[in-house]
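Participant: Quick one, what's the 3D model for this:
(2 chains)
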Amino acid sequence: GENVEQHPSTLSVQEGDSAVIKCTYSDSASNYFPWYKQELGKGPQLIIDIRSNVGEKKDQRIAVTLNKTAKHFSLHITETQPEDSAVYFCAASLNYQLIWGAGTKLIIKP
Amino acid sequence: DTAVSQTPKYLVTQMGNDKSIKCEQNLGHDTMYWYKQDSKKFLKIMFSYNNKELIINETVPNRFSPKSPDKAHLNLHINSLELGDSAVYFCASSPGLTKSQETQYFGPGTRLLVL
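Facilitator: Next comes the predicted model:
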């Protein structure tokens, strides 16, 4: 079955710098890759997603890239701000079920 | 006008008790899910229903029993609670099971503590 690995488990960056979180998946049939942000005490919220027919997608300071050949996708956050501090999850969709990464705790240092 | 709501938000109970968590979505979605999130933040799918029909039933103790009275509601009943059941339980919904309908929307979670 599908397996999603996410790295790093914790990422600490200076405010204003960029943050990159990477995920790899195992099943080439996966075709949908969402990213979720979970703030303390809240449920995960979708922040951006990408389908397998697209290589990159941007939404203001957030971008996702997908390399189907290498079976990996990444979340890029530029000009990080204190409110970006949260746990971020990647996922891959296979047979309409989401397979989740283990999460990355992003810490923004002032 | 909360999209996915859960009750209660907090649940503290003794070992051996039976408890229920309720979930409702007003998004008109066909598919609903229950997840368990442990202290390490890992999200584990437990169950999924599509139009009131069980479609995902992961390896979960049979003390956990989901019920979907209609496609807007998915409740979770837990019998004989154990210490290891302490976790945050999330309900989620998605438009359906076809392509472009997989995006899941989460509720705020129910924090269960078993003493």
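
Participant: what sits opposite A:Q97 in the beta ladder?
Facilitator: Here A:Q97 shows beta-bridge partners A:L94, assigned using DSSP bridges.

Participant: roughly how far apart are it and A:A70?
Facilitator: If you measure A:Q97 against A:A70 using CB to CB, to the nearest Å, the figure is 23 Å. (C-beta placed from N, C-alpha, C; glycine too.)

Participant: and B:S5, how many neighbours does it have?
Facilitator: Neighbour count of B:S5, defined by other CB atoms under 10 Å in any protein chain shown: 15.

Participant: Tell me which residue in chain A sits closest to chain B.
Facilitator: A:G43 (3.5 Å; CB to the nearest CB).

Participant: Looking at A:Q97 and A:A70, which has the bigger crowd around it?
Facilitator: Here A:Q97 and A:A70 are compared on neighbour count by other CB under 10 Å; more neighbours surround A:Q97, at 18 against 8.

Participant: Name all residues that make contact with the more buried one.
Facilitator: Counting by CB atoms under 8 Å, 6 or more residues apart in numbering or on different chains, A:Q97 touches B:I45, B:S48, B:I56.

Participant: ditto for B:Q25
Facilitator: Per CB under 8 Å, 6+ apart, neighbours of B:Q25: B:A3, B:V4, B:S5, B:M32, B:A72, B:H73, B:C91, B:S93, B:Y105, B:G107.

Participant: So the closest residue to the residue of chain A closest to chain B other than its chain neighbours versus B:L83, what's the distance?
Facilitator: What sits nearest to A:G43 in space, not counting adjacent residues and going by CB to CB, 6 or more residues apart in numbering or on different chains, is B:F106, at 3.5 Å. Note on B:F106: its distance to B:L83, by CB to CB, is 25 Å.
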